[in-house]
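In: Just need the structure, nothing else, for what follows:
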Amino acid sequence: MRHYTAPAEGPTTQAVRRISMLFERELFDGYTAEQFAAADMPELSAAFREFAEQLPPGALGELPASATALFLGAWGRMHGLVALEVFGHTSFIGDHQAEIFRVEMQNLYQDIRKRLPATGDA
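Out: The predicted structure follows:
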């Protein structure tokens, strides 16, 4: 449904929050605000930074704008691969679908790590 909005406390919204928290933890645990501030990424608009600062806890509200942008990009990459598989667009690679997903998730993880300075490098 094009204009459907899931109920704020419905089961699908709660499920998205749970998986989001796991994904956020795997991507960003151990990074500091200084490392996020020094992320190697394009300049974010003032409007997006303000929007990100207003997000509630449990909805990426604990992350600075740079981490929120990285998170949403990573989520999109992961979701895109899942959607391709679900709708049969990767069926031509047969048994190699899991390998492609694994490799892309490793690439995604490494891409984020390259953008965030190591401790003390901020």
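In: buried ones in the strand or helix carrying E24?
Out: Assigned by DSSP states H and E, E24 belongs to helix 11-28. Within helix 11-28, the residues that count as buried by 16 or more other CB atoms under 10 Å are E24, L27, F28. From N, CA and C alone the C-beta is placed, and that goes for glycine too.
In: Quick one: the helices in the chain, in order.
Out: 11-28, 33-37, 46-53, 65-86, 97-115 (DSSP state H).
In: hey, least reliable of those helices by pLDDT?
Out: Averaged per stretch, pLDDT over the helices of the chain is lowest on helix 11-28, reaching a mean of 84.
In: Can you pull out the residues in contact with that one?
Out: Helix 11-28 has contacts (CB atoms under 8 Å, 6 or more residues apart in numbering) with 6-7, 58-60, 63, 67, 70-71, 74-75, 78, 109, 112.
In: Quick check: the farthest pair among those residues?
Out: Pairwise distances across those peak at 32.3 Å for P7 and Y109 (criterion: CB to CB).
In: Comparing those two, which shows the higher neighbour count?
Out: Y109 (13 against 9; other CB atoms under 10 Å).
In: Quickly note the distance from the residue nearest to the more buried one when sequence neighbours are not counted to M78.
Out: Once flanking residues are discounted, Y109 sits nearest to L27: 7.3 Å by CB to CB, 6 or more residues apart in numbering. As judged by CB to CB, to the nearest Å, L27 and M78 stand 10 Å apart.
In: What count of nearby residues applies to the residue lying closest to L63 once chain neighbours are set aside?
Out: Spatial nearest neighbour of L63, chain neighbours left out: F71 (6.6 Å); criterion: CB to CB, 6+ apart. F71 has 19 neighbouring residues, counting by other CB under 10 Å.
In: what's next to stretch 57-77, contact-wise?
Out: 17, 20-21, 23-24, 27-28, 31, 33, 36-37, 39, 41, 44, 48-49, 52-55, 104, 108, 112, 115-116.
In: And stretch 99-110, by the same measure?
Out: Residues contacting stretch 99-110 (CB under 8 Å, 6+ apart): L27, A74, R77, M78, L81, E85, T90, I93.
In: Just the buried subset of those residues, please.
Out: L27, A74, M78, L81, E85, T90.
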